[in-house]
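1. just need the structure, nothing else, for what follows:
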Amino acid sequence: MRFSIAVNAMWVAGYGSRLAAATCIGTQHVAWVLHHQSGSYCLPHIGSTSSSWLSDKKVTSFSRSAFTSFTNKIHKRHYAIGTDGDSDDDIMSDSEFENSVFFRRKMLEKDQLDSLRVNLYPGSNDDVIKKINEANSVQEVFDQIERCGDYPTAEHLSQAIVTLWDLQKVYGRYGYDCFMITKNEINQFLEKILNHPMFEKLSVCLEAVCEDLNNSSLSSMLLYLSKLGVSNHSPVMQKLTLVCMDRMDGFNLTALSRLSVYLRDQGVKAFFLQSKLLPLIASKLDDCLDADEFHMVSICFNSTKRLITRPLLKKYLVLVQKKLNEGFFEICDPRITLKVIKLLDYPEFSSRHKLLQPLMLCLGKNFHSLSVVQVMDLSNYFHSSREPLDVFHKICQYSINMISEAKISGGRPDILCLAPFTSLKMRNYFERLIVEQLEEKDFHEYIMVIFKALRYFKTSNPKLCDAFWIKSMKSVEEELKSIPHHFLGMKEMTRRKVYQRYMYFNNNLGGTYRNFALERTMSTLLMKDLETCCGFLPNKVASMAAFIIGYSSREGIPESVYEKVILCGPQFSIYDTMSISRGMQISLALNRKNLQRKLMQQITTICRMLDARTEEFLKDGLEYPGEGMNKLSRTMAQNLGLTPSGPIAFVSCSVERAAHTSVSFMMAKSLTEIINLTRGYLNRRGSPRTFTFDRIISAFSPHLDELNSRYIKEICLCLTTTLYLAPEILEAVSEYILKNKKYILTDTMEVVLTCFYCIGYTPKNVEQLLTICTNSFLQENHHMRGLSILQMCLAMNMYGYLPTEIIRSVFNLKFMDQLDEEIENCYSKATYPLRVRHMLMELNRAVCLDHPEENIPWFHEKYCEDFLETVPVPTSVFHSEVHQALAQLVGGPEVVRANVHTPYYYLLDFEFVLDGSSNPVPVKEYAPSTPRNSKSQKKIAVENKHGHRRVAVILRRENHYCTNSRQLLGRHQVECRHLELMGYTVVEVPHFIWYSMAHATQEDKMQYLKDQIFPAR
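-> Modelled structure (predicted):
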């Protein structure tokens, strides 16, 4: 039986030299080469000199004649010796929606042309091994094994396995260049290999001679057979595993790294093999490691990071710090630095060090040497910390260059990964690129990157959104149908990349954008999944139930879903509670006007359960999960013959984390988890006036040394939403910006200043902070959205500080045109334009009052008049009581005016004028007789006669203060200053004083007002 694959599937294992040339030149000529070279099925070999020349040169545009001449000059290639033992697939971050694993793998394989083949025996003179290594097709590999007779050697068999995987890599890589080979076609290709009779012979023979393999080849066989799709239950895999266990103590770092990558994806059954592997890796840290050895150690730790204990992590961090001090990361291969960043960016570890920033700066210095996939990696890691600024600039410039190149050579889907680093003016270009990608048959591989692009640009094109979500749902279901065997939870995991992202889509909350067809269909599918074994896994229940709760009918949550949530609630993790809370947030937003009693009761019950779970997370527990071992891990260890003094110490951490049975190991132990607890609590509309929220905020204090720009943004948004005054946290945020001013983005500074403004907080080093923010704003404001610019300026003005350069950068025609363009293309026409207009009015008023020397005109008269018509006159018992007291103390309506608007449209509860003898002046003598829109209303101050006092009485209600303090909010502090600038004497009447025990009687209240209005009497 000959191995064959249809020509129209474009299997190109025989296009080695043409592939190398095409990838170096660019993608525009690849299809032309295929068309003219489709008759060739032999694989010419590229010489080492040509290979190195190709890796050093980059040609962006060739004519066809020059291209043909170029490919004809390529000589025989000696394949590089290397390992493909480490997969660079990122762990999917549900909160950040990273790129799809397959999409990223294809980019990686396309990008790394220096390791097309792995030669397990580089020094061998065996002709069979040489011919297998140089095979141009799968059939040639099988032919060589067949010529070996009934007893091929272990070396022949192992090299054949590795070469089969290498040919698959060529197949997949070339497909990416032409956008014709899909994941499904690669799976079909592998299926043909596995079902071939010669592969069965190869497996049987390998099982018989696997003990003859050396350690490096032994670990390679486990890895590559698994990658090819051989079941772990097959006899050959079982035999290889047993031999590995016996020999593991003698493995070098190369063998250990391959074995660790294989074990990474084998689930719980691999934990105990990994526990034996970790001490071996740890022992290598004491050696003097060269670059390759350090890289392999990092690969091993990345593959076993769920089991790493604090002492082992500390030992690795010391090694990384030492290499940083030596300048190692400034000269090493970027792959090594990225591998270290990937490990240290793991949520369990990121709070234990401050090494990510210097490591990323090292990559920034060598940015010119980064490949496409490495830039994509770096961009993902940048999003996890939102710093340093230098890396952000370089990725932005790289994005500009890539787009300029793509506009010439044609659209490329990998550019979508860089959308968050481009200008908002590129929205139309990216929308066209997304429309093109919607028609591709491998669309499901690009769902994540397209989602990130749409989410960043906040498109206002509902048809594009509809097409994306419907296509996403259909492509995921087609993908599931193409997979013959589904493991537990596979359907939910595959659908999650659609339904979970839909829940976090910018436009859907509050009904701005909804796709009812997706909501109905996905809810039905998830309901069916909950009835399977997935319905017994707490994390799966939380994820699926969140979507069903969010988009269920207003009549209530389905009983089966509600019961499962209540049943699994005590086992929910911190992330699970946040997921469920998000579902309830959506449900409450979509049903705010017609919330049925049953739905309200169900949500209330779930909220109470989640609040109780939150309290458990906040209890004092063990400091680090790897330091203990619960009953489940001990039992499992004893069953497998592991002793507590041996490898069990390394495995206990993960078993406990996976078990979800011991509450003491589920404590919130990092800043990330505290932030997730806060987000979950606020998503389900938890009140900031409860002891639970006080405890959540208190839990931040021990972790403030873990701050980075990303955490600062999350914390400030939470405090802004709740108006909660937390001086310790706010001072830590301010100090962080002062110490890291060179690395902080202006967007981060804007969020911090807006938080300070909303809460009315003044940090200790406010002058230094404002100077830093000013410098950053003047350099980086072209990266900011219009609304963010207005918010930052208004926040800075709270301190009476707004330099001329900033004022002139806002109040000019160019910026006004930018605002008009944003409003025209905004995603939420119902809210965004109103927010921008109102914020611009407040800033215009602030500049006119605080900085009259700038001569900025007041151009919001008409806007304010129209706005007043939509605002009802405030009435309350508090207002009536004070009005009556003022009438007795000062005078009636002929003296005191209620609900008065000042020249710049501040609302005064009461206004009256006192003469030089503190006697009230009649209204007709001081109230303006001109219409409100007359020019007299545009004066900066009210007119007061000599010796007269114009008194503005402001009632300070509960919502004028922070939720946990009597700290006046920023906008009300500014209001007082502006009223004084306009000539008013401001008298504030706080509600907590008016209704205090000290002023219980009417006489007490009258005396209080008298003391405030006539302090000298």
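2. off-centre distance for the helix or strand hosting Glu185?
-> For Glu185, the host element (DSSP states H and E) is helix 183-194. A distance of 33 Å separates the centroid of the chain from that of helix 183-194, by C-alpha atoms, centre = their mean, to the nearest Å.
3. check stretch 770-777 too.
-> Distance of stretch 770-777 from its chain centroid, counting by C-alpha atoms, centre = their mean, is 26 Å.
4. so what's the residue nearest to Cys755 when sequence neighbours are not counted up against?
-> Once flanking residues are discounted, Cys755 sits nearest to Cys716: 3.8 Å by C-beta to C-beta, 6 or more residues apart in numbering. Where you see a C-beta, it was placed from the backbone N, CA and C, and this is true even at glycine. Cys716 makes contacts with 733, 751-752, 754-755, as judged by C-beta atoms under 8 Å, 6 or more residues apart in numbering.
5. for the helix or strand that contains Cys716, buried residues please.
-> In the assignment (DSSP H and E), Cys716 maps to helix 709-722. Within helix 709-722, the residues scored as buried using 16 or more other C-beta atoms under 10 Å are 709-720, 722.
6. following the chain past it, name the next helix or strand.
-> Sequence order places helix 727-739 as the next helix or strand after helix 709-722, per DSSP H and E.
7. C-alpha coordinates for that next one, PDB please?
-> Output of helix 727-739 as PDB, limited to C-alpha atoms (Å, rounded to 0.1, in the frame of the first residue of the first chain):
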ATOM      1  CA  PRO A 727      -5.800  56.000  51.400                       C
ATOM      2  CA  GLU A 728      -3.300  53.300  51.800                       C
ATOM      3  CA  ILE A 729      -4.000  51.800  48.400                       C
ATOM      4  CA  LEU A 730      -4.200  55.300  46.700                       C
ATOM      5  CA  GLU A 731      -0.800  56.300  48.200                       C
ATOM      6  CA  ALA A 732       0.800  53.100  47.100                       C
ATOM      7  CA  VAL A 733      -0.500  53.700  43.600                       C
ATOM      8  CA  SER A 734       0.800  57.300  43.600                       C
ATOM      9  CA  GLU A 735       4.200  56.100  44.800                       C
ATOM     10  CA  TYR A 736       4.400  53.400  42.200                       C
ATOM     11  CA  ILE A 737       3.900  56.000  39.400                       C
ATOM     12  CA  LEU A 738       6.500  58.300  40.900                       C
ATOM     13  CA  LYS A 739       9.100  55.400  41.100                       C
END
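8. ok, and for it, which residues are buried?
-> Neighbour-count burial for helix 727-739 flags 729-730, 732-737 (criterion: 16+ other C-beta under 10 Å).
9. closest to Leu277 out of those?
-> The closest of the buried residues of helix 727-739 to Leu277 turns out to be Tyr736 (C-beta to C-beta; 38.3 Å).
10. helices of the stretch 251-400 of the chain, residue ranges please.
-> 253-264, 271-284, 291-303, 310-325, 328-331, 334-344, 347-350, 356-365, 372-385, 389-409 (DSSP state H, counting those that start in this stretch).
11. quickly, which of those bottoms out on average pLDDT?
-> When the helices of the stretch 251-400 of the chain are ranked by mean pLDDT, helix 347-350 comes last with a mean of 79.
12. list the contacts of that one.
-> Taking C-beta under 8 Å, 6+ apart as the rule, helix 347-350 contacts 305-306, 308, 313, 343-344, 356, 384, 670, 672, 706.
13. ok, of the residues you listed, which come out buried?
-> Looks like the contacts of helix 347-350 have 305-306, 308, 313, 343-344, 356, 384, 670, 672, 706 buried, using 16+ other C-beta under 10 Å.
14. separation between the residue nearest to Cys755 and Thr524?
-> 40 Å (C-beta to C-beta, to the nearest Å).
15. just Ile161 next, same as before
-> Using C-beta to C-beta, Ile161 is found at 43 Å from Thr524.
16. ok, those two, which is more surrounded?
-> Ile161 (26 against 10; other C-beta atoms under 10 Å).
17. quick check: closest non-adjacent residue to the more buried one.
-> In space, and not counting its chain neighbours, Ile161 is closest to Tyr224: 5.2 Å by C-beta to C-beta, 6+ apart.
18. ok, the residue lying closest to Arg495 once chain neighbours are set aside - contacts?
-> Ranked by C-beta to C-beta, 6+ apart and with sequence neighbours excluded, the top spatial neighbour of Arg495 is Val476, at 5.8 Å. Val476 makes contact with 444, 447, 494-495, 497-498, according to C-beta under 8 Å, 6+ apart.
19. most neighbours among those residues, which one is it?
-> His444 (27 neighbours).
20. count of neighbours near the residue lying closest to that one once chain neighbours are set aside?
-> Closest residue in space to His444, ignoring its immediate chain neighbours: Ser475 at 3.7 Å, by C-beta to C-beta, 6+ apart. The local packing of Ser475 (other C-beta under 10 Å) involves 20 other residues.
21. isn't Ser475 up against Phe443?
-> Yes. Using C-beta atoms under 8 Å, Ser475 is in contact with Phe443, at 5.0 Å.
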